[in-house]
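Undergrad: Take a look and give me a structure for this.
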Amino acid sequence: MMAADSALLLGLVEEFVLGQQDRKAVDTATELKAGQFTILQLVEALGLHLTSSQPQTRARGVQLLSNVLQECHGDLTEREVEVLIVFYENRLKDHYVITPHVIQGLKALTKCSVLPPGSAVSILKSLFQDIHVQSLMLAERSCVYSILIQLMESRESELKGLGADFVFGFVQSVDGERDPRNLLLAFHIARKIIHEGYDLGKFTEELFEVTSCYFPIDFTPPTNDPHGITQEELVLALRAVLTGTPRFAEFLLPLIIEKLDSDVQSAKVDSLQTLTACASVYEHKELAQFLPGLWASLRREVFQTASEPVESAGLAAVGTLTACLSRSVLNSDSEDSLNVFLELVLKDCQHHLCEPDLKLVWPSAKLLQATSTASYRASHRVAAAVLPSLIEQYNSRTQCAQRRTLLEVLQGFVHPVKSSEEDESVLLDFRQSLCSIVFSALSESNADLQVTSMRVLTALGQQTGLLLESDVELAVDHLTRLILEEEDSKVSLAVVECAGALARLHPAAFISKMVPRLKEEIFSEPMAQGEIATPSQEHSQQAVRQRCVAALAAVSSRPSLVQESTPVLLQVLTSAHTGTGAFSLEEVISVCHSLQKIAEQAQDTEETGRVFHDVIPRLLGLALQAALQGSSDHRSPILEETVLSAMVPIISTTCARLQSQLAGQTASRAVSLFLDGDVSFLPENAFPSQIQLLKAGDSRSQSQMVCLLMGCVCWLPQTVEVPQMDRLLLELEELSCTCDHPLSYTSAAKCYAGLVNKSPAGEALDSLIDRMLKRISTELDSASSPVRTQAFTLLLWVSKALLLRYHPLSTALTDKLFSLLSDPELGSLAADGFSLLMSDSPDVLNRGSHADVRIMYRQRFFTENSAKLVEGFNAVVQENKSGYLKALSHIVNNLPRQVQLTELPALLPLLLEALSCPDQGVQVSTLSCLQPVLLDPPSALISQLEVLVGRTLALTTSPTMKVRIASLRCIHALSRFPEHEIMPFRARVLRALGAPLDDHKRVVRSEAAVARNEWFLLGSPGGK
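TA: Here you go, the predicted model:
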């Protein structure tokens, strides 16, 4: 080392040790990395300080060396590491003020990749022998645990060579640890000792004792804990240790039994969950001697607790114990532990099942069901003991309440149990009796009994061999009867669920029995010829038909059933159109919803696709017939906007699921129909030759069919090409800008936007948008134009289409929307339009329709346009500001909550202004935005507290209930502000809350009471 380098090194050492300049450690490390000197030369330079008679001086010397090692440990040679380890091990015997720095140095050395063989053992022996870990400060104890973890990961074989001495040293080190951060490290070490095969030797019990003393964990993290350690983390870390080895069983199981006597619910739940965890890794021999004690504790917890978490954890533990005992392999000389445990359970629980009126019937049933579902062996044993008694009880009881209880208990034993494929159902011996009970209950008049019996029937149907073909047919007969006769809504819902589940497994019975009977009922004439039905009779007949339609939809999941049910529903639409059936408008809409449900739930097979591929022409044909219908006494319900709107999802759902070839054919047919009047593919082709559906003539009934075109072409996968795209877009643009029928021009605008969203980027698309924007702008800029609303509608939907795909021209369109906020005629519509831009649209431009939707488009739109909104608000005159406030409210309310919390402080002045806006929609939206922010208020909100409290209190007496509720929730949230900030408002708020406490709406009174309680307790002992 040159003289200059030597002087530099000595200077750095002097300034750090004697000058107390801590930053010189960084400079020293930098110079060492640059090669100005070596680590051993640094030790040599520190010589006088390391041998000083003053402990503080020696400590500063060791501190400098350790700080440098933390930065440079990767550059050391094996020889240097060896020398330093010897040095540090000797320093452990030095004064206690030096120890923390020695430990830091050793921690750095253990990270060296060139750690010499045997060094790990040497370091650990020195640590275990020369220091008492629990007398160290928190940081040094953490450092010791980190050294252990590092050496266990890098020098595992050396440490295992220590044998049980390593475990003993760890036990001594951790004994008495209390800090949760260090406990996580200690539990991590203990888990590695157990799971990675370290020799516990004679210290098994000591290792268990030193960790189990923390069980169950009772830890509440301090407020604003920067370390973020939770009770759950500690619980799971300790549980991994305690349940890690069967060698702990003789200590852990008595401890769990003891801790289950605790009065603290969390301790009970932790104990039960720990039992569940250890039972999943133990074998039956570890559990055998503790079974009576464990069962007594588990039975007590389930029988006596009023806590659902404790009961759930207890039942889970019973199930896991049973599963563990079921895994035992029996020897001729060994006791069957499973049988022993089941005898205990049956002895204490079985007799309670004979007392359906008493409260212990349900805990007993749950315990028996938990054991039964745990294993195939257990289910055989429990079923053989319990089911004959339950079946006999049911048949001997006459009261409906008792029979329902017994049937609900039976239901819990009918669920399938995991077993090998060749195992037959444990319920096979009781099949006939169970079916007899179910069919008997279905014949009862008690609704609750019927509902429960259908759940049991569904469970029986899930298991192979429990329902014979004759049973299924009888079940279908019962379900059909209930559909036709039972008016109770609970029963109707249960019938639909049961029929849907069974139809997936046994479609043939439903095809041959239910579908024809429901069809017959749907088309039956309610009264004899010449008789007039009363309104109540008509309503009853409509209710039956609606149940039949709902049932047809529920059972239509298999292709074979879809082929039978859809023609029936289509026939209803045809009859309603022709007037041959007395179907109401509500029934027609219900049929459309059922067809949509079938399209959504049916299995995605080629047969199903072809069925619905043929449904689309039928629907288009019906709609076209209705549109071309001349004046007659019967007006087809297909002409109604509500029916057409209900048809759209049927077509769109079908198109979204069609295979590419069929989807392309559908698109081609639909486009040729609407552009060229090609009706050749429609059934019953008796249409005039000149049909122009996209012309804005006098016939609204024809132009409104464009909504069906939207369903056909806007939900196709992006890989399917729509023919004649340019011409189609021109026609749609023309219709949307010239038609005066709202459904027609709105649907045309949606269809145009849906196609533009999926169009490939390029000059063709840009020129199309430019041309459309010029036309729209011409109409919007002319105050006398009769089609301004139509032009605005097209602008709004195309803006959404481009915004979703991040198209560069979307900015030009949204800027045009911003300019309309101050328009006297369209300002309110434009403000509401921002809600449409930011929210999901159900019928077009969503991910289900295969639209091009980029992630976080809402956040991007807000980031790019929030400044424009603020500037526009500040620039316009007072009477036009409400449009900007409404737009802001809609935009912010549709942002993710986390973005709201980040961005709202900057927009606070506008949001406070919005609370004074007379538009009640703006008020509700703004209050909804503010409430989550008030729970964790930024400083900007606290500075505006006077305005916020005043304006929010004023809204508690709003004529609109939603405004009153939202404002009261904000008042409640304000009570969470720092007490010294809100205390001056306490009396004012309590006075103002008197009026909503007398509100005529119960929900408003409830919110007012909750808010008033919080404000009333401000400043009181035990309050906030």
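Undergrad: Tally up the residues packed near the closest residue to L935 other than its chain neighbours, please.
TA: Closest residue in space to L935, ignoring its immediate chain neighbours: A973 at 5.4 Å, by CB to CB, 6 or more residues apart in numbering. (Glycine included, C-beta is placed from N, CA and C.) Neighbouring residues of A973 were enumerated by other CB atoms under 10 Å; the total is 20.
Undergrad: In contact with A973, which residues are there?
TA: A973 sits next to Q931, L934, L935 when contact means CB atoms under 8 Å, 6 or more residues apart in numbering.
Undergrad: so the first one sits right up against S967, yeah?
TA: No: judged on CB atoms under 8 Å, Q931 makes no contact with S967 at a distance of 9.6 Å.
Undergrad: On the pLDDT front, check the residue nearest to L935 for me.
TA: If you check A973, the pLDDT there is 87.
Undergrad: if you look at the contacts of A973, which of them are in helices?
TA: Secondary structure assignment by DSSP state H places Q931, L934 of those in helices.
Undergrad: out of the contacts of A973, who's nearest L9?
TA: Comparing the contacts of A973 against L9 with CB to CB places L935 closest, at 57.2 Å.
Undergrad: how close does the closest one get to E979?
TA: Separation of L935 from E979 (CB to CB, to the nearest Å) stands at 15 Å.
Undergrad: one step back: who has more neighbours out of Q931 and S967?
TA: More neighbours sit around S967 than around the other of Q931 and S967, counting by other CB under 10 Å; the figures are 29 against 17.
Undergrad: Now do the contacts for the more buried one.
TA: Going by CB under 8 Å, 6+ apart, S967 touches Q923, L927, T952, L953, L955, T956, S958.
Undergrad: Please apply the same query to Q402.
TA: Residues touching Q402, when contacts are defined by CB under 8 Å, 6+ apart, comprise P356, D357.
Undergrad: and if you look at the one 5 residues further on?
TA: If you count contacts by CB under 8 Å, 6+ apart, L407 has them with Y394, I437, A441, L449, T452, S453, V456.
Undergrad: Can I get the strand or helix carrying it in PDB, CA atoms only?
TA: Remark: L407 resides in helix 400-414, with elements defined by DSSP states H and E. Backbone C-alpha positions of helix 400-414 (Å, rounded to 0.1, in the frame of the first residue of the first chain) are rendered in PDB as follows:
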ATOM      1  CA  CYS A 400     -95.000 -31.500   9.600                       C
ATOM      2  CA  ALA A 401     -92.500 -29.600  11.700                       C
ATOM      3  CA  GLN A 402     -90.900 -32.800  13.100                       C
ATOM      4  CA  ARG A 403     -90.900 -34.500   9.700                       C
ATOM      5  CA  ARG A 404     -89.300 -31.400   8.100                       C
ATOM      6  CA  THR A 405     -86.500 -31.500  10.800                       C
ATOM      7  CA  LEU A 406     -85.900 -35.200  10.300                       C
ATOM      8  CA  LEU A 407     -85.800 -34.700   6.500                       C
ATOM      9  CA  GLU A 408     -83.300 -31.800   6.800                       C
ATOM     10  CA  VAL A 409     -81.200 -34.100   9.000                       C
ATOM     11  CA  LEU A 410     -81.400 -36.800   6.400                       C
ATOM     12  CA  GLN A 411     -80.300 -34.400   3.800                       C
ATOM     13  CA  GLY A 412     -77.000 -34.000   5.500                       C
ATOM     14  CA  PHE A 413     -76.300 -37.700   5.200                       C
ATOM     15  CA  VAL A 414     -77.200 -38.000   1.600                       C
END
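Undergrad: Just the buried positions in that helix, please.
TA: Neighbour-count burial for helix 400-414 flags 402-414 (criterion: 16 or more other CB atoms under 10 Å).
Undergrad: and of those residues, the nearest to D175?
TA: Within these, proximity to D175 (CB to CB) peaks at G412, which comes in at 47.6 Å.
Undergrad: Could you tell me the model confidence score at the closest one?
TA: Note for G412: predicted pLDDT of 85.
Undergrad: what does E538 give?
TA: The predicted local confidence for E538 comes out at a pLDDT of 64.
Undergrad: Format the CA atom coordinates belonging to stretch 840-854 as CSV.
TA: Taking only C-alpha atoms (Å, rounded to 0.1, in the frame of the first residue of the first chain), the coordinates of stretch 840-854 have been written out as CSV:
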residue,chain,number,x,y,z
ASP,A,840,-70.1,-0.7,-18.4
SER,A,841,-72.8,-1.0,-21.1
PRO,A,842,-74.8,-4.3,-21.0
ASP,A,843,-75.9,-4.5,-24.7
VAL,A,844,-72.7,-3.4,-26.6
LEU,A,845,-69.1,-2.4,-26.1
ASN,A,846,-68.3,-4.8,-23.3
ARG,A,847,-65.9,-7.7,-23.0
GLY,A,848,-68.7,-10.2,-23.4
SER,A,849,-69.3,-8.8,-26.9
HIS,A,850,-65.6,-9.3,-27.7
ALA,A,851,-65.1,-5.5,-27.9
ASP,A,852,-61.6,-4.0,-27.8
VAL,A,853,-61.5,-2.9,-24.1
ARG,A,854,-58.1,-1.8,-22.8
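Undergrad: about what we covered before: would you turn the buried residues of helix 400-414 into JSON lines with distance to L813?
TA: Supplementary listing: the buried residues of helix 400-414 in JSON lines, determined by distance: CB to CB, whole Å:
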{"residue": "Q402", "distance to L813": "69"}
{"residue": "R403", "distance to L813": "67"}
{"residue": "R404", "distance to L813": "62"}
{"residue": "T405", "distance to L813": "64"}
{"residue": "L406", "distance to L813": "67"}
{"residue": "L407", "distance to L813": "62"}
{"residue": "E408", "distance to L813": "60"}
{"residue": "V409", "distance to L813": "64"}
{"residue": "L410", "distance to L813": "64"}
{"residue": "Q411", "distance to L813": "58"}
{"residue": "G412", "distance to L813": "60"}
{"residue": "F413", "distance to L813": "63"}
{"residue": "V414", "distance to L813": "60"}
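Undergrad: For A385, state which of those is nearest.
TA: F413 (10.8 Å).
Undergrad: Pretty sure that closest one sits against K366.
TA: No: using CB under 8 Å, F413 and K366 do not qualify as a contacting pair, with a distance of 11.1 Å.
Undergrad: who touches the closest residue to F430 other than its chain neighbours in this structure?
TA: Across the structure, with CB to CB, 6+ apart as the measure, the residue nearest F430 apart from its sequence neighbours is L387 (5.0 Å). With CB under 8 Å, 6+ apart as the criterion, the residues that contact L387 are L410, F413, L427, F430, S433.
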